[in-house]
Each structure stands twice: as C-alpha cells, then as structure tokens.
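A.B. asks: after the sequence you'll find the predicted model.
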Amino acid sequence: MTPLTVIILTRDEARHIGRAIASVRDIATRIIVVDSGSTDNTGQIAKAAGAEVLFNPWVNQAVQFNWALDQIKNAPGWVLRLDADEVVTPALAAEISSGLPEADGIYVGRRMHFMGQPVRHGGLFPIRILRLFKNGAGRCENRWMDEHIIVDGPTADFTGDIIDDNLNTLDWWVAKHNSYASREVVDILNRTHQILPQQTIGTLRNGQQAAVKRWIKEHLYARLPGGLRAGLYFFYRFVLRLGFLDGRQARAFHVLQGFWYRYLVDAKLDEVRRYMAAHDAAPQEAISVVLGIDINAISQTDRQAA
C-alpha cells in the first residue's frame, strides 16, 4: 500500500472532524490535523480518532497548508488535502486503495451539499480539483482565496468524489463568506497592484476545469462592471444553467453564493478603492483599515516560495 498522508486544517471543527477522519481512516497511513486555535474539542476528537494534531497560527489557507507540507517534507508517498467539513466517498476511497498511478497529481470530483441538500444544477458541481499528489511534487497556490494545489508533473484522474457537507448554521455560513469576500478583495487588488507574490492556476492550455474557470474569472468576469457582473453571473447560473431546478436549500445557495457573495466582493472592493482615493493610501493600508487584514503576516518563507 502506498503511504498516504491526509492533511486537514481546522479551527472549531468539532462538529465535522470525526466524520472527515472516519472517511479516510482505511486509506490513510497518517492523518495530520493542523489546528489554529480551536476553542471547542476539535483536537481531542481528532486525537481520539487516531490523528496527529499540530498547532500553527492562522494567516490564510494557503500559508497554513504549505506549513503542513513543510512538516512532512521528507515523508514518503502521497498527500491528500481534505477540508474538515468534507468526506471522501467510498468510491474514491476504493480507487485510492486500488493503487495510485504513475503521476504527480490526481484530479478528483468535488460535490457540495448546502443545508443538507445536494447542489445538482447551476453548472458548479462536480468540479474537478487536484487534491491528491506525491509528497514534494505539489504545493498550494499563494493566494488569499480559492487556492488550489499546483503540480508541475503529469496528472491523472479518478472518478470518485469528495463531498463538502457543512453542518453549521446559515448564520455561520454568512459570517464565513463575509470573511471570504474580504480575502477575495485582497487577491483582486493584488492582481492590480502586485503588492504580494501571487500564483494562479488560471490557463486555457491544459483544459482542466478549475484552471479554465479561474481564467474566465480573471480575464473576462473581472473586466465587467462591478455589481452588474454579480447579477449577470447569477442569471447565468440560476437561469441558463438551471439552478432554479434545485431544491429549496440548494436554490438558496445559488442566491447567496452566486449573487449575494459576488455582490459583497464588489461592494467591499469599491469600499477599499474609495478609501485609497480619499486618503491617498497604499493598498496595504487600505486593506488593513477597511478589511482588517494584515497582509504582511505572510511569512518570508511563503514569499520566497511563490
């Protein structure tokens, strides 16, 4: 059996961590949970389930995941990135158990449930993402939001899925996406002002779904007028891609994630730019004052790695 290290990042994930670990227990040779200061019993549950629990202060997802990779730098085998609110389906676990191909990375499917209901329409899922890779061959994009794993070598595809099924309340989801919107604004400003090293998987060359979506977002969506583009995207997703056929909870996901969230990103971006203009401020200062994000918290190591 090829050694497989599963890395899960956590903070207050007591509701999910046991389920995530249970989904990979039979395929993982090592499960590492990197916690950033949980106030619940996430760590105790993870340890009881057989995981190693490490602590590292939070900056962003990319920095945290790359820190985790640094902790297993010389470990043999492969790495699986799994979020605490995700599970590996039995079909994907069976593919992994049957043997890993001669490649540096493997794309898998990712589906999503929202408030207990699968999101089947809207052109979103399943999305193909690279979550399995040889240790040492992959690293997380240096971004503040929507980060992916990058490998330079050949890749393969599995047909099995990872399911994102968060069990928290809608209030929690709204608060999380408010934070996500601020982080996405940092990435948008960074593309314009180049204030930090930044990587992107966005390309049309390899034909990978996530890369093409990122390219469209950065090269087409970004050029549309702020605010209007949120409405156009929602129309595309809810009407043209039949999101209205989803169940009640999944329809709410399309409205909230496909319109409210995208409009919130544009509103926050406009707020930061207005601050910069009014105070003749640099992007770093405006991001700190308006969004409360210290972008200088990225370590020198990650700057050099980008």
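C.D. replies: That came through, no problem.
A.B. asks: C-alpha only now, for contacts and for neighbours.
C.D. replies: OK.
A.B. asks: which SS class is the nearest residue to Val290 once chain neighbours are set aside?
C.D. replies: For Val290, ignoring the flanking residues on the chain, the nearest one in space by C-alpha to C-alpha, 6 or more residues apart in numbering is Val272 at 6.2 Å. The three-state label given to Val272 by DSSP: H, G, I helix; E, B strand; the rest coil is helix.
A.B. asks: the closest residue in space to Tyr236 that isn't next to it in sequence: neighbouring residues, count only.
C.D. replies: Spatially, and ignoring its direct neighbours in sequence, Tyr236 is nearest to Gly122 (8.0 Å; C-alpha to C-alpha, 6+ apart). Look at Gly122: counted by other C-alpha atoms under 10 Å, it has 23 neighbours.
A.B. asks: can you map out the helices along the chain?
C.D. replies: Along the chain, counting by DSSP state H, helices occupy 17-24, 42-48, 61-71, 90-97, 170-193, 209-219, 228-235, 248-255, 261-279, 283-286, 300-305.
A.B. asks: using PDB, write out every CA atom in the longest one.
C.D. replies: It stands for helix 170-193. What follows is helix 170-193 as a C-alpha-only set of coordinates in PDB (Å, rounded to 0.1, in the frame of the first residue of the first chain):
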ATOM      1  CA  LEU A 170     -26.800  29.600   7.900                       C
ATOM      2  CA  ASP A 171     -25.500  32.400  10.300                       C
ATOM      3  CA  TRP A 172     -22.200  30.600  10.400                       C
ATOM      4  CA  TRP A 173     -22.100  30.300   6.600                       C
ATOM      5  CA  VAL A 174     -22.900  34.000   6.100                       C
ATOM      6  CA  ALA A 175     -20.100  35.100   8.600                       C
ATOM      7  CA  LYS A 176     -17.600  32.800   6.800                       C
ATOM      8  CA  HIS A 177     -18.400  34.200   3.400                       C
ATOM      9  CA  ASN A 178     -18.200  37.700   4.700                       C
ATOM     10  CA  SER A 179     -14.600  36.800   5.600                       C
ATOM     11  CA  TYR A 180     -14.100  35.100   2.200                       C
ATOM     12  CA  ALA A 181     -15.200  38.200   0.400                       C
ATOM     13  CA  SER A 182     -12.600  40.300   2.200                       C
ATOM     14  CA  ARG A 183      -9.900  37.800   1.300                       C
ATOM     15  CA  GLU A 184     -11.000  37.700  -2.300                       C
ATOM     16  CA  VAL A 185     -10.700  41.500  -2.400                       C
ATOM     17  CA  VAL A 186      -7.100  41.100  -1.400                       C
ATOM     18  CA  ASP A 187      -6.500  38.800  -4.300                       C
ATOM     19  CA  ILE A 188      -8.200  41.200  -6.700                       C
ATOM     20  CA  LEU A 189      -6.200  44.200  -5.500                       C
ATOM     21  CA  ASN A 190      -3.000  42.100  -5.600                       C
ATOM     22  CA  ARG A 191      -3.600  41.400  -9.300                       C
ATOM     23  CA  THR A 192      -3.900  45.100 -10.000                       C
ATOM     24  CA  HIS A 193      -1.200  46.500  -7.700                       C
END
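A.B. asks: can you list the buried residues in it?
C.D. replies: If you call a residue buried by 16 or more other C-alpha atoms under 10 Å, then helix 170-193 has these buried ones: 173, 177, 180-190.
A.B. asks: same deal with the shortest one?
C.D. replies: Taking 16+ other C-alpha under 10 Å as the neighbour-count basis, helix 283-286 is seen to contain the buried residues Pro283, Gln284, Glu285, Ala286.
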